[in-house]
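# Build me a structure from this.
(3 chains)
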Amino acid sequence: MPELPEVEVIRRGLLPLVTGQAITSIFCSSKKLRLPIPKQDLLRWIQSQEIIEINRRGKYLIFIFSNDAVMLVHLGMSGKLGIFSQSAPTALHDHLIFKLHNDMQLRFNDPRRFGLIRVFPPGQFSHLDPFKDMGCEPLEHQFSGEYLKRKAGSRLQPIKNFLMDNRMVAGIGNIYANEILFHCGLHPSTPIGSITRPIWQLVAMKTKDVLLRAIECGGSSISDFVNSSGQKGYFQLELTVYGRAGEHCPRCTATIIKQVIGGRSTFFCPNCQK
DNA sequence: CTAACTCCCTGATAGC
DNA sequence: TGCTATCAGGGAGTTA
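Just a heads-up that it's a prediction; the model follows:
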């Protein structure tokens, strides 16, 4: 389940392999992802164009092409992007394949089809800004305790739901919300309206720490991008609480608890997180 | 206005 | 061994 760090690692892994490459042909499956794959727009605007850069906003990858067309890719729950040789056999659930000028292929594989591919014709991207409601990038300067406090207001919402709300903070999913709150010593149900300025500053700092550390972990396995099994190991980060119900807290002797908060599995140490 | 729920989808796993 | 039930969850949409 790629969240901001995984998406960033994928971006960095792909960059040196695809920038400057023209798309010589495109294969699309007819299966619907979150939305149908825009086959006609891909053929019309992306085919034969060169990849100029790849950016990221939250969990979205933003491919910029030489004609100024833009393709957004969201990996959903199970989406993967990888570079393969032409001779590598295609896999079940390969939904989009770009054949590149250097005879390699960029493949998008997504078993659960929660992913999303969108194409913006040249000049249309900023016009229809799909990120207008998205919150701050947590690794950018303006993401701060002040920002969080302002967004939170006096509402009763549990902080975990708040951190996972992409209108508040971009790119944080269930796993990193759990990890961040552990490192803050905050109970996931803490009402955001009750959180003080210094604690918001702690949240901002720990959010940056956890995400940056995860990106660094992923960076060490970037070489796995070119192989027939796609990228693996971009999940090398040692998770402190997520998925560890019943195990001992690494900081004290208490047992980590699993509880559903906001419809999602939530893991925390009942002793360290108050 | 917020908050809580539903749906989309397949693969891994638990239970029988 | 082989079946079925359950769970995983991002984001959009709907309901309360």
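
# who are the neighbours in contact with the closest residue to residue A:78 other than its chain neighbours?
Among residues not flanking residue A:78 along the chain, residue A:112 sits closest, at 4.3 Å (C-beta to C-beta, 6 or more residues apart in numbering). Glycine gets a C-beta too; all of them are placed from N, C-alpha and C. Neighbouring residues of residue A:112 by C-beta atoms under 8 Å, 6 or more residues apart in numbering: A:76, A:77, A:78.

# do stretch A:34-52 and DNA strand C meet?
Yes. For stretch A:34-52, a contact with DNA strand C is found by C-beta under 7 Å from any atom of the strand, at residue A:34.

# How far away from the center of its chain is that stretch?
21 Å (C-alpha atoms, centre = their mean, to the nearest Å).

# buried residues in it?
By neighbour count on 16 or more other C-beta atoms under 10 Å, the buried set for stretch A:34-52 is A:37, A:38, A:39, A:41, A:42, A:45, A:46, A:49, A:50, A:51.

# how many other residues sit next to whichever residue of the stretch 151-274 of chain A sits closest to DNA strand C?
Across the stretch 151-274 of chain A, the shortest distance to DNA strand C (C-beta to the nearest atom of the strand) belongs to residue A:173, at 3.1 Å. Residue A:173 has 18 neighbours, counted by other C-beta atoms under 10 Å.

# need the residues of the stretch 151-274 of chain A near DNA strand B, please.
A:155, A:156, A:157, A:161, A:262, A:263.

# Show the backbone phi and psi for the closest residue to the first one other than its chain neighbours.
Taking C-beta to C-beta, 6+ apart as the measure, residue A:155 lies nearest to residue A:193, with 5.3 Å between them; neighbours along the chain are not counted. Backbone torsions for residue A:193, taken as degrees, to the nearest 10, come to phi -70, psi -20.

# possible to save the contacts of residue A:112 as CSV with distance to DNA strand C?
Formatted as CSV, these follow (distance: C-beta to the nearest atom of the strand, whole Å):
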residue, distance to DNA strand C
A:76, 6
A:77, 4
A:78, 7
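
# Give the PyMOL command for selecting the buried subset of these.
Per 16+ other C-beta under 10 Å, the buried members of the contacts of residue A:112 correspond to this PyMOL selection:
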select buried, chain A and resi 76
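
# just the contacts of residue A:112 that are near DNA strand B?
residue A:77.

# Next, format the contacts of residue A:112 as a markdown table and append secondary structure.
Formatted as a markdown table, those follow (DSSP: H, G, I helix; E, B strand; the rest coil):
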| residue | secondary structure |
| --- | --- |
| A:76 | coil |
| A:77 | coil |
| A:78 | coil |
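
# The residue of the stretch 151-274 of chain A closest to DNA strand C contacts residue A:59, correct?
Yes. Judged on C-beta atoms under 8 Å, residue A:173 makes contact with residue A:59 at a distance of 7.5 Å.

# Local confidence estimate at the residue of the stretch 151-274 of chain A closest to DNA strand C?
The model reports residue A:173 with a pLDDT of 88.

# Just the mean pLDDT for the helix ranked longest in chain A, thanks.
Assignment by DSSP state H gives helix A:197-219 as the longest helix of chain A. In this model, helix A:197-219 has a mean pLDDT of 89.

# Check the offset of that helix from the chain's centre.
Its chain's C-alpha centre and that of helix A:197-219 lie 15 Å apart, by C-alpha atoms, centre = their mean.

# Following element in sequence after it, please.
For helix A:197-219, the following helix or strand on the C-terminal side (DSSP states H and E) is strand A:257-261.

# No more questions from me, cheers.
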